[in-house]
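> What follows is a predicted protein model with its sequence.
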Amino acid sequence: MKNFPTLIRKARLDKGFSQDYVSTEIGITLSAYSKIERGLTDPSLSRMKQIAGALEVDLSLALSSALLIFYRKFLK
């Protein structure tokens with residue numbers, strides 16, 4: 001999911017959370033979380049659920065938004 005990193009970064013910044021806070025909440029290193037947020041690592045669905053929980057966002061809405069962005073960008 002290529003747009004997931006963009007969405008979680010926006011959600012994190014909107015909440016005023018640091019990457020360190022989110023990584024601690026989900027039990028991974030700051031480096032690992034940073035790679036997910038920069039799109040260098042594709043998280044598993046279970047990791048996406050953890051991230052969504054830490055960011056207090058609905059995962060289904062985040063994934064729906066990511067798909068919509070993808071379709072608008074690539075399927076015009």
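Great, that's in hand.
> I26: neighbouring residues, count only.
Close neighbours of I26, defined as other CB atoms under 10 Å, add up to 19. The C-beta positions use only the backbone N, C-alpha and C, and glycine is treated the same way.
> Also I8?
Neighbours of I8 under the rule other CB under 10 Å: 23.
> Test my guess that it contacts K49.
No - I8 is beyond contact range of K49, at 11.9 Å (criterion: CB atoms under 8 Å).
> which parts of stretch 13-28 are buried?
Under the neighbour-count criterion of 16 or more other CB atoms under 10 Å, stretch 13-28 has Y21, V22, S23, I26, I28 buried.
> next one: phi and psi at the last one?
Taking degrees, to the nearest 10, you get phi -130, psi 170 for the backbone angles of I28.
> Now do the same contact list for it.
By CB atoms under 8 Å, 6 or more residues apart in numbering, the contact set of I28 is R47.
> What's the per-residue pLDDT of it here?
Listed pLDDT for I28 reads 98.
> And it, how far from S34?
10 Å (CB to CB, to the nearest Å).
> for the second one, same thing?
The span separating V22 from S34 equals 10 Å under the rule CB to CB.
> Check V57 and give its pLDDT.
89.
> Which stretches in this structure count as helices?
4-15, 19-26, 30-37, 45-54, 59-74 (DSSP state H).
> Contacts for the second one next, please.
Think helix 19-26. 12, 29-30, 32-34, 37, 47, 50-51, 53-55.
> ok, now which ones touch the closest residue to A52 other than its chain neighbours?
Excluding the flanking residues, the one nearest A52 by CB to CB, 6 or more residues apart in numbering is L59, at 3.9 Å. L59 makes contact with M48, K49, A52, according to CB under 8 Å, 6+ apart.
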